[in-house]
Every structure is written in structure tokens, then in C-alpha cells.
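*Asks:* Provide a 3D model corresponding to the input given below.
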Amino acid sequence: MHKLISIVITLSLASFIFSCKPNDDPAARVAISGEIKDYPDGVMTLYRVYDEDSTIIDTARIKGGVFSFDIKDKQTRLATLAFPDGMSAIQMFTEPGNIHIKADRDEVTKAEVTGTATNQLNEEFKKINSTIESKYNELMQIGSAAQESGNAKTVDSVTSLLINIEKETNTKNIEFAKKNPTSMLSAYIGLMAGSSGGGDQDLSGLYALLSADVKNSFFGTRLKSLVDASAKTALGAIAPEFEGLTPDGKILKLSSLKGKHVLVDFWASWCAPCRQENPNMVKTFEEFNKKGFEVLGVSLDQEKDKWISAIAQDNLTWSHVSDLKGWKSAIAAMYGVQGIPQNFLLDQNGKIIAKGLRGDALALKLKELLN
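*Replies:* Residues are numbered from 1 along each chain as shown. Take a look at the predicted model:
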């Protein structure tokens, strides 16, 4: 599950709200104006997303359906605008210039954001993906209902469909980004591909095409970090060594499992797709554990109780570690993990031989290796 405005990624506002440092440069002025006809008066809240801190950028009243923000930021950044009802929000790019937001009261989440280059291009990008997004959300709902009712066959089927949609969508989105190498949106799209199991996508190829300004931007520098981390976890590479604390407070090293086929599985208790995938993992683990297969779960949780509770609820009887730092996990950063679920399959010598194995794909790979 992951981190930003993408058809496959649903973000938690609480996890990705960030600060904006003031800038006195007039050229850094970001003027945001909006109109939502007949919307009730209240307070709008603008949040920074995709960073390390957790503070609100600004608040403003919406009165008579009209609102405005006036902030300063030289860089193109991602922001979430939360509406007074506490339920509705839209995402947009803040960057120097005049940004206009327009929506109908009953469809505020479908607001059109125009006025600056990145937002203009993003409107085009959203329209291209709108049909696929609806289909993806529909399948997620079906999968959740099937999991709650214990319908494993439907869960497997939905998981396979979702994986295919993600792969096809990522490929198309990266091609869109490559056609717009001077846009900040293109670096962002690359990050989104990486956060939705896109580790096998041509992120290095996309990065190479980006203009110097985009490469040096907020999103560009993070895409470079992802590309570099992906190179270290490419197929055939030796998996980076790490250690972490187990639920009972002991230190466990990845190298301690050497000699077995190991799946390094990144997940979290709050990640719905991860929890949907767990029954498949349990079934596969039970089938292949005695044949030399081990799993090392790396959790991106922040609350120990919820982490331990999810392990018990889902019957995850394999090894687990976590630094309980959420998306600030050093292990996740080391492996270039931008979205979960994500996993890496290692051979007996610690070499990465596959990644992103979900649904039946993991069992089929292990049958090939261990039967």
C-alpha cells in the first residue's frame, strides 16, 4: 500500500502531513483560490505530504463557497486539502503561481485543480487513469468482503487481478512520464510506480530522461534514492544485510537465516492489502517451511501492540522484526520500499532471485525451487 496521489495508492492523512518552511522570496508565492458553490461555511486545512515532519501548512475559512490560501514555497510539492466535513479531501501540487480549485458541492473529491504547469498536467493524468482507478477500488472492496467471509478462492482471484492492473498501469504511467521529462509530475509518477510494487519497472530509464531541473527537485532527488536502492536489490544482487528487534525484544539478523530460501516480507498491521495477502502467505509457509523455506516479516508499524496483535490474528508463525518507525524504517529505506506489501525472495546464499511475489506466484516459484 503506499504513499501518494496515484490510482493504486490510498494515503493516510495522519501518516503523511508535513511542514512548510517560510520563504520571503516573492517568486515563491503560491496563491490558491477555490470555489465550491453552496458549500457550507467552515475551516479548510492544507497539509504538506511526502516528507518527514507532521504539521499543517495553513488553514483558511470557506465562506459562501469561496476560500483562498497564500503560502510561500519555491519547490513543487504535494499537498492535501481537507474539507470542513472531516471526510473529504483532495490532493494537489503546490508550486509558485496561481492555483485554482473548482468543484461541485456533492463531488468535492473530484475537484479540478488548474493554473500551474504540474497541476494542469496532473488533471490530464487523472483523466487517463480514472476508469482504472474505479475498477481497482471496486476489486479492493470485493477482496475485503471475501476475506471477511473466508472466501479464499475469491481473495486469490482478486489479488491476481489487482497485481495485473498494477503492473499494466505502472507501465502506462511510466510511458506517460517519459513523454513529459521536464515536468515535476514525471518524477512523482516514478515514485508512485515504485510504491505500488513497481520495483521491476524501468525507473532508472525514466530518471535518465528527466531534465536537470526535475532531477534536482524534491521528487527528483527522492526518485534517485529509489533508483539507487533498487539497484542494490536487483535480481541477482546479494540482499543487503540488516538486523531488527523481534516482538520479544531480541535482535535478529537476516544472515542468521542463510542456508534457506527466505522471503523478506514488508508489511504492516494497518495495510489492508497486506492483511488480505496474509492467508496466502500462511498457506504457502505451511506447505514449504519443512522443505527449507523461511519468512522474515519486516513491519512498518509504529505501535507495538497493534503489530503483535496482527501477527497473532493472522497466524503469522514465522520470524518478525520492526524498528516501529513506520515509513521512517531504516530497513525499508535500505531496500527502496516505497509501498507495501512488497517482498524479496532470497536463495540459500542470500541472493535475490524474485520480488513482488503475491497471490499464487510465491507458491508457484517455491514449487519450482523446492519440489
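*Asks:* can you show me the helices along the stretch 101-250 of the chain?
*Replies:* All helices of the stretch 101-250 of the chain, identified by DSSP state H, counting those that start in this stretch, fall at 117-149, 152-178, 184-195, 203-209, 212-215, 218-232.
*Asks:* taking helix 117-149 as reference, get the angle to the second one.
*Replies:* Angular relation of helix 152-178 and helix 117-149 on a 0 to 180 degree scale: 170 degrees, by axes from the mean of the first three to the mean of the last three CA atoms, to 10 degrees.
*Asks:* average pLDDT for helix 152-178?
*Replies:* Computed over helix 152-178, the mean pLDDT rounds to 82.
*Asks:* likewise the third one?
*Replies:* Here helix 184-195 scores 90 as its mean pLDDT.
*Asks:* now the last one
*Replies:* Mean pLDDT, helix 218-232: 91.
*Asks:* what helices or strands is that helix leaning on?
*Replies:* On a contact count with 3 or more CB pairs under 8 Å, 6 or more residues apart in numbering; DSSP states H and E, helix 218-232 meets helix 184-195, helix 203-209, helix 212-215, helix 330-334. C-beta: built from backbone N, CA, C; applies to glycine.
*Asks:* just the ones you listed: most buried one?
*Replies:* Stretch with highest mean neighbour count among the helices and strands packed on helix 218-232: helix 184-195 (a mean of 27; mean count of other CB atoms under 10 Å).
*Asks:* state the number of residues packed around residue 153.
*Replies:* Neighbour count for residue 153, taken as other CB atoms under 10 Å: 8.
*Asks:* got the contact list for it?
*Replies:* For residue 153, no contacting residues are found, by CB atoms under 8 Å, 6 or more residues apart in numbering.
*Asks:* distance of it relative to residue 313?
*Replies:* Using CB to CB, to the nearest Å, residue 153 is found at 21 Å from residue 313.
*Asks:* what does residue 147 give?
*Replies:* Taken as CB to CB, the span from residue 147 to residue 313 is 12 Å.
*Asks:* looking at these two now, which is surrounded by more residues?
*Replies:* The neighbour count for residue 147 versus residue 313, taken as other CB under 10 Å, is higher for residue 147 (20 against 11).
*Asks:* residues touching that one, list them.
*Replies:* Here residue 147 is in contact with 155, 275, 276, 279 (CB under 8 Å, 6+ apart).
*Asks:* equivalent analysis for residue 303, please.
*Replies:* 269, 324.
*Asks:* rewinding a little: now the helices and strands packed on helix 218-232 in a markdown table, with distance to residue 129?
*Replies:* Listed next are these as a markdown table, based on distance: least, CB to CB, whole Å:
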| stretch | distance to residue 129 |
| --- | --- |
| helix 184-195 | 10 |
| helix 203-209 | 17 |
| helix 212-215 | 21 |
| helix 330-334 | 26 |
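*Asks:* over to the residue with the largest distance to the centre of the chain: give its phi and psi.
*Replies:* What lies farthest from the middle of the chain is residue 64; by CA atoms, centre = their mean that is 35.9 Å. Dihedral pair for residue 64: phi 60, psi 30, per degrees, to the nearest 10.
*Asks:* any figure for the gap between it and residue 31?
*Replies:* Applying CB to CB to residue 64 and residue 31 gives a distance of 19 Å.
*Asks:* sorry, back to before: most packed of the helices of the stretch 101-250 of the chain?
*Replies:* helix 184-195 (a mean of 27).
*Asks:* which among the helices of the stretch 101-250 of the chain is found nearest to residue 359?
*Replies:* Ranking the helices of the stretch 101-250 of the chain by proximity to residue 359 (CB to CB) places helix 152-178 first, at 4.1 Å.
*Asks:* quick one: contacts for residue 142?
*Replies:* If you count contacts by CB under 8 Å, 6+ apart, then residue 142 has 154, 158 around it.
*Asks:* ok, 7 Å please
*Replies:* residue 158 (CB atoms under 7 Å, 6 or more residues apart in numbering).
*Asks:* where does it land on pLDDT?
*Replies:* Reading off the model, residue 142 has pLDDT 83.
*Asks:* with residue 199 instead?
*Replies:* 46.
*Asks:* and for residue 304?
*Replies:* Confidence score, pLDDT, at residue 304: 97.
*Asks:* can you count the residues close to the nearest residue to it once chain neighbours are set aside?
*Replies:* Of all residues not flanking residue 304 in the chain, residue 324 sits nearest, at 5.9 Å (CB to CB, 6 or more residues apart in numbering). Look at residue 324: counted by other CB under 10 Å, it has 16 neighbours.
*Asks:* give me the phi and psi for residue 324.
*Replies:* Given degrees, to the nearest 10, the pair of backbone angles that residue 324 has is phi 50, psi 40.
*Asks:* packing partners of the helix or strand containing residue 67?
*Replies:* Under the criterion of DSSP states H and E, residue 67 resides in strand 66-72. Contact partners of strand 66-72 among helices and strands, from 3 or more CB pairs under 7 Å, 6 or more residues apart in numbering; DSSP states H and E: strand 29-36, strand 56-62.
*Asks:* contacts only, for residue 75.
*Replies:* Counting by CB under 7 Å, 6+ apart, residue 75 has contacts 217, 218.
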